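Asks: sequence first, predicted coordinates after that:
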Amino acid sequence: MNIKIKTISLLYLVVFSTIYFSACKKMDDSYRQFIEKGETVYIAKADSIKIHGGNNRVEVTWLLLSDPKVSRYKMFWNNGRDSIENTVTKTAEVDLVKVMLTNMAEGTYFFDIYLYDKLGNSSVKSTKSGRVYGERFKSSMLTRAYRSIKRNGNDVDVEWMPADTAVKQVDLEYLDTRGDLKKVVVIDKKQSSVRLVDMPINGSFMYRTVFEPELKALDLFYTPYVTIQLTL
């Protein structure tokens, strides 16, 4: 009976040892694969990406923080079909990288940015979307309309309709009663009225609407000047 128990215990020991050493060998083989490939080096990624669109152009900026190993970048767009790369010089401070792309077709783009060290080790991808403006946006711009024009003594009051959200201002010009050129800028798009001082009887004024399609856009867009002839 004791011999039988010892035989079974020995058998379990042999089976357990075989499984244990087999598992250890597999783990060792797995770790050896990583060791043979060398230690993984991680490069800091592009931080705080900002994109400013303009008239068939776009500027992409980002920050280089504390990683001194960064030596170059590569940026892709159009699903990787287009790219640009350049070297960067990392200082002890937080550095700003600026990339200006011109002759861009109008539309929305996704920009993928990778940073590299001198050995070719890469950061993880950083992605940011932005828009380029062109003829389609220009064709959508409407001159800000006015609600009424009323004379008030020697002056004329122009009351405006609400402005489009992309309107930055209205540029207005006229000749006063002395023949001097007066320029009025309606800066606040929520401003509902403006007074034209010393406006001649049956005089005229001309104005255009200025569009800023996004905050800190690279370019402003202008509608053609419209001339308004008064009958008062």
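Replies: On my side now, so go ahead.
Asks: show residues contacting stretch 109-119.
Replies: With contacts defined as CB atoms under 8 Å, 6 or more residues apart in numbering, stretch 109-119 is touched by 41, 43-46, 49, 51, 58, 60, 62, 64, 67, 69-78, 80, 122-123, 125-132. (Each C-beta comes from the backbone N, C-alpha and C, glycine too.)
Asks: keep only those of those residues that are in strands.
Replies: Judged by DSSP state E, strands contain the following of the contacts of stretch 109-119: 49, 51, 58, 60, 62, 64, 72-77, 126-132.
Asks: write the PyMOL selection for whichever of these are buried.
Replies: The PyMOL command for the buried members of those (criterion: 16 or more other CB atoms under 10 Å) is given here:
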select buried, resi 49+51+58+60+62+64+73+75+76+77+126+128+130+131+132
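Asks: residue closest to the middle of the chain?
Replies: Ile51 (2.1 Å; CA atoms, centre = their mean).
Asks: tell me who's in contact with that one.
Replies: 58-61, 111, 128-130.
Asks: swap the cut-off to 10 Å and go again
Replies: Ile51 makes contact with 58-62, 99, 109-111, 128-132, 214 under the criterion CB atoms under 10 Å, 6 or more residues apart in numbering.
Asks: how close does Arg81 get to Tyr109?
Replies: As for Arg81, its distance to Tyr109 is 11 Å (criterion: CB to CB, to the nearest Å).
Asks: again but with Val70, I slipped
Replies: 24 Å.
Asks: kindly report the same for Asn152.
Replies: For Asn152, the distance to Tyr109 - CB to CB - is 50 Å.
Asks: out of these two, which sits in the busier spot?
Replies: Just comparing Asn152 and Tyr109: by other CB atoms under 10 Å the higher neighbour count belongs to Tyr109, 20 against 11.
Asks: tell me the secondary structure for the more buried one?
Replies: Three-state call for Tyr109 (DSSP: H, G, I helix; E, B strand; the rest coil): strand.
Asks: who's it bridged to?
Replies: Beta-bridge pairing of Tyr109 under DSSP bridges involves Gly130.
Asks: show me which of the contacts of Ile51 is closest to Thr165.
Replies: Glu214 (10.5 Å; CB to CB).
Asks: assumed the closest one was part of a helix.
Replies: No. Applying three-state DSSP, one finds Glu214 to be coil, outside a helix.
Asks: wait, what's in contact with the residue found closest to it once you drop the neighbours it is linked to in the chain?
Replies: Take Glu214 and drop its neighbours on the chain: the residue closest to it by CB to CB, 6 or more residues apart in numbering is Gly53, 6.0 Å away. When contacts are counted by CB under 10 Å, 6+ apart, Gly53 touches 59, 104, 106-109, 130-134, 137, 213-214, 216-219.
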